[in-house]
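Trainee: only geometry, no sequence info:
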């Protein structure tokens, strides 16, 4: 491992918040990094729902990974996908090649999980990638176009119904943004249908939405959603989903032109190949230093790691946590490379909770920062400010600010563009 | 036709420059319009090549048609596609319905034409729609990603070769923009390959590129392209195209990771169903008033019409010509609705040539405005100014200006995002 002139090789899988923060934080004269991602861009996932609801364009929330790291000759970026490991040989297999590593940083994020009902995915797609968002945007816009040409009022109703399954932050943000889209943006644009009559239904299995926030904020969020026109149904479990139909546990049937799944997060199936303990969602139960038990040279960070806080609850799957984990691992590896002969004891990871927030719509949000609870306009301003600060790159920040200002003052959304059209509309 | 209370129905097919300008110009208390388009957006086609070359995002060059016309309750927009006519019954058939018309305005634009070699399309796609541009962008970016992982130097060369067929404005703009992309934007982003070594080859069958401009400007454009690193081959005919291979008439073979077709424009096959005289490209040989001979109630405008100027040459297929035609027909129909009993003689269409320009790269362009010939920086400034003025909508104008300023000063392009990925990369 320690030949003269040979650099330590750190392989990072995933260019999300965790992996990218590691790469940006870690730099050592004796090390080189290979960063592997399935896409060519870092995605600002907290704003992905705004692409699906026509408020932002794809390029506003994505940045080319190579561009972000172009000033780092010690980092090689590969567009590829990990398929397995040889842990004894310290080797990771990709689709197109294999890499030997000295350290391996797993930061593959989360996938949409269907609680074992994979067959629902085709009828109720999730929202994890840029293509997911662009397809959802096109499907919602197409449903309204079809409704405009439809004469059957029952079919009208079905096409203009959007069901969002899951009352977590993504579900709440999607439902609120869809309601605004139909009520304040598209409301003047059709002649036969009235988009303001669209049904946006949010289904939550538990007793309240945003269950990670205090009950009082959940309640405020619910009322803000209802005010926007969302039909919020708590204590409502889904029994089955098929083409255009959601069947509830209570036997009721909802016919919907679009069904969006925002209920479950599962880790990549790759974690099963690590031979370590996983939680129900497939997340790696990491050691306090974030390493994979039994493999001090392998770390799992971000949404694919299960880390427990001092109070026994898991660290939430949010971007600040992922970034903190990336920094933590960078610090550990740096310290070990600096003192190979006598490596220092690894410190445990400590999550610093900067607060939690969810936006609901124009001037509507809820936020908890320490003991401070905000809702409505002040929470929305805080949300705006935090999201702009954390957007990677000057260009995206300025572009997003401009789009938001434009939408706020004009009640228009610029990204109402149907693409990915080949499957839907025949070419001649 | 003229019942009391019944409004005249004008059906417009196509929401490009011609059809949209007609709609925006025409307004009459006794008339209503139905505008039919296959997509939900008006496309600013002159800048489409910038989406393909990562300089602009899709939403910068497209605007939802419904949004543009939301303040026009007399206009109904339908997302549909015309399939045929019953000219005697004044009926147009769409895929999902049929419409009766009093006036029919055909503004369906141009398609990519392959001079009878439709089998080339799959290997050398054209650039007409937003999806074309997004797919091309992804394919070019993916080719460089593959090259970075490739060890075979011959395959390197192939993947990093882009052939653009056709030396008209689109071909010249694409080739220049690709050369810039590889040489000044991506040049620092790879570790194994050097994108600045990419080959961008522009093939033109005739003796000079931009043949619609004076010979001196063609020559200047050629030198500006060569300066950017484009290999310009005039008098070079294509014999055949297959997967990754262009065979020239002189027997030479070019292996290329990406082949783009910018050579031919053909009209929609629908023109054949009009039973009137067409030119070789399928364009309608319209009467001087732009009506379809034998059918004063049907007009053909924009790229699908062949209109001869006083000098016997055809009016070029550019957006100012399309817009002028839209305005001309609006004026004719308005005059006839105002004087039903005694309709005035229709004036012939006169094309007002405002000048022609093509951009080649950063600070590089050629332009002819009347007798004035510009090249280099002044031509580029003129091009910039004209394109910003004509962009539909305040938001797009501001967003495009911002993107351009950002790219100009940072040498970065923000839209280097690979989407439409499902076909290329397997999901797990």
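Mentor: Looks like it arrived, so ask away. What you see is a predicted model; the values in this text were computed from it and never measured.

Trainee: need phi/psi at residue A:83.
Mentor: With angles defined as degrees, to the nearest 10, residue A:83 shows backbone torsions of phi -120, psi -20.

Trainee: residue contacts, the closest residue to it other than its chain neighbours?
Mentor: Sequence neighbours aside, residue A:93 is the residue nearest to residue A:83 in space, at 5.0 Å (criterion: CB to CB, 6 or more residues apart in numbering or on different chains). Quick note: C-beta positions are derived from backbone N, CA and C, even for glycine. Residues touching residue A:93, when contacts are defined by CB atoms under 8 Å, 6 or more residues apart in numbering or on different chains, comprise A:82-86.

Trainee: give me phi/psi at residue A:37?
Mentor: Here the main-chain torsion angles of residue A:37 (degrees, to the nearest 10) amount to phi -140, psi 150.

Trainee: next: residue A:389.
Mentor: For residue A:389, the backbone dihedrals are phi -60, psi -40 (criterion: degrees, to the nearest 10).

Trainee: chain A: helices as residue ranges?
Mentor: Listed in chain order, the helices of chain A (DSSP state H) span A:17-25, A:48-52, A:65-68, A:130-149, A:153-159, A:169-180, A:215-228, A:319-338, A:377-390, A:394-410.

Trainee: can I get those helices in TSV with mean pLDDT, distance to residue B:183 and mean neighbour count?
Mentor: Output for those, formatted as TSV (pLDDT from 0 to 100; distance: least, CB to CB, whole Å; neighbours: other CB atoms under 10 Å in any protein chain shown):
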stretch	mean pLDDT	distance to residue B:183	mean neighbour count
helix A:17-25	97	26	25
helix A:48-52	92	31	26
helix A:65-68	92	15	24
helix A:130-149	93	27	21
helix A:153-159	92	49	16
helix A:169-180	94	40	26
helix A:215-228	95	49	19
helix A:319-338	96	33	21
helix A:377-390	85	33	16
helix A:394-410	75	20	16
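
Trainee: possible to save those as a markdown table with distance to residue B:57?
Mentor: Supplementary listing: these in a markdown table, determined by distance: least, CB to CB, whole Å:
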| stretch | distance to residue B:57 |
| --- | --- |
| helix A:17-25 | 21 |
| helix A:48-52 | 11 |
| helix A:65-68 | 15 |
| helix A:130-149 | 12 |
| helix A:153-159 | 28 |
| helix A:169-180 | 20 |
| helix A:215-228 | 28 |
| helix A:319-338 | 23 |
| helix A:377-390 | 19 |
| helix A:394-410 | 9 |
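
Trainee: pLDDT value on the residue most central in space within chain A, please?
Mentor: Closest residue to the average C-alpha location of chain A: residue A:45 at 4.2 Å, with CA atoms, centre = their mean. According to the per-residue confidence, residue A:45 scores 89 in pLDDT.

Trainee: let's have the helices of chain A in a markdown table, adding distance to chain B.
Mentor: Below are the helices of chain A laid out as a markdown table (distance: least, CB to the nearest CB, whole Å):
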| stretch | distance to chain B |
| --- | --- |
| helix A:17-25 | 14 |
| helix A:48-52 | 10 |
| helix A:65-68 | 4 |
| helix A:130-149 | 4 |
| helix A:153-159 | 13 |
| helix A:169-180 | 15 |
| helix A:215-228 | 21 |
| helix A:319-338 | 19 |
| helix A:377-390 | 16 |
| helix A:394-410 | 5 |
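
Trainee: next one, pLDDT for residue A:421 please.
Mentor: The score at residue A:421 is 60. That number is its pLDDT.

Trainee: need the contact list for residue A:227.
Mentor: For residue A:227, the contacting residues are residue A:364, taking CB under 8 Å, 6+ apart as the criterion.

Trainee: gap between it and residue A:284?
Mentor: 41 Å (CB to CB, to the nearest Å).

Trainee: and what of residue A:330?
Mentor: In this structure, residue A:330 lies at 18 Å from residue A:284, with CB to CB as the measure.

Trainee: just residue A:379 next, same as before
Mentor: Using CB to CB, residue A:379 is found at 33 Å from residue A:284.

Trainee: likewise residue A:339?
Mentor: 27 Å.

Trainee: between these two, which has more neighbouring residues?
Mentor: When residue A:339 and residue A:284 are compared on other CB atoms under 10 Å in any protein chain shown, the one with more neighbours turns out to be residue A:284, at 25 against 10.

Trainee: identify the bridge partners of the closest residue to that one other than its chain neighbours.
Mentor: Nearest-residue entry for residue A:284: residue A:300, 4.1 Å, with adjacent residues in sequence omitted and distances by CB to CB, 6+ apart. According to DSSP bridges, the partner residues bridging residue A:300 are residue A:106.

Trainee: same check on residue A:162?
Mentor: According to DSSP bridges, beta-bridge pairing links residue A:162 with residue A:200, residue A:258.

Trainee: neighbours of residue A:9, how many?
Mentor: Other residues within reach of residue A:9, judged by other CB under 10 Å, total 18.

Trainee: what residues does it make contact with?
Mentor: For residue A:9, the contacting residues are A:31-34, A:99-103, taking CB under 8 Å, 6+ apart as the criterion.

Trainee: quick one, which of these are buried?
Mentor: When the contacts of residue A:9 are checked for burial by 16 or more other CB atoms under 10 Å in any protein chain shown, the buried set is A:31-34, A:99, A:101-103.
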